[in-house]
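Asks: Predicted model and sequence below, questions to follow.
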Amino acid sequence: MNAHGLTLLLGNHTEILKLKRKFKPSNHGNKVWDSSWLLIDYLCRSGAIGYSRVLELGCGWGLTGVYCAKKQGASVICSDPDEDVQPYLNLIAKANHTKVDFLNMGIDQIKRNILKEVDVIIGSDICFCDTMIDPLRRLINRAKKASVKKILLCDPGRWPFEDLAELLEGKKGVALIDWETHTPKEIKGKILEICF
Ligand SMILES: C[S@@+](CC[C@H](N)C(=O)[O-])C[C@H]1O[C@@H](n2cnc3c(N)ncnc32)[C@H](O)[C@@H]1O
């Protein structure tokens, strides 16, 4: 599948099938979720990335990070606590003739020494259960202290994400944006944008 100048290998591609026999992501990192495409569309139209240093949280197969590296010239670290996503990330990066780094860490493990080297944090469909709300809230506070410029989180509109957005509502630089794309298909959701 091709969209936004990206190549995505689908679940039935020979190379993906080979990986599936060996590596089994256990916490929903088993495919590219629609929110990735939604965030890519937003990044494409808003020009929010440029040549920044980008950290993707809960990257799974990391399509959004790969987009930032390939199409926006960013230097990208994709992070996920599930090490079994890395081979899929590497394959998607290779299919797109680009390179991203992988950091095998969950949100709570990402401390200020790492955040100090980051301009923009992105994440798609990572606030999928209530136990993700507090780690994300703490990460946002650490990012502010570490002088990260912007955080962009995309979600189909699950309730934990809505709860996180509500906790931040009214704070300076915070916006919750309804977003929709037709590429590569109809997808609707929300972008939580936090500018420090
Ligand atoms: C629904 S998937 C989304 C994957 C990818 N962002 C996408 O849009 O295709 C959720 C991802 O969050 C990761 N995850 C789970 N717990 C996490 C945590 N505590 N910190 C960071 N990522 C986590 C999972 O391993 C998985 O890759």
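Replies: Received, thanks. Numbers count the residues shown, from 1 in each chain.
Asks: which phi and psi does the residue nearest to Ile126 when sequence neighbours are not counted have?
Replies: Distance criterion Cβ to Cβ, 6 or more residues apart in numbering; nearest residue to Ile126, sequence neighbours excluded, is Gly58 at 3.6 Å. Just so you know, the C-beta spots here come from the backbone N, C-alpha and C atoms, and that holds for glycine as well. Dihedral pair for Gly58: phi 50, psi 50, per degrees, to the nearest 10.
Asks: Just confirm yes or no for stretch 62-82 near the ligand.
Replies: Yes - interface with the ligand: stretch 62-82 contributes Asp80, Pro81, Asp82 (Cβ under 6 Å from any ligand atom).
Asks: Could you dump the residues you listed into JSON lines and include secondary structure, neighbour count and pLDDT?
Replies: Formatted as JSON lines, the residues of stretch 62-82 next to the ligand follow (DSSP: H, G, I helix; E, B strand; the rest coil; neighbours: other Cβ atoms under 10 Å; pLDDT from 0 to 100):
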{"residue": "Asp80", "secondary structure": "coil", "neighbour count": "26", "pLDDT": "98"}
{"residue": "Pro81", "secondary structure": "coil", "neighbour count": "17", "pLDDT": "98"}
{"residue": "Asp82", "secondary structure": "coil", "neighbour count": "19", "pLDDT": "98"}
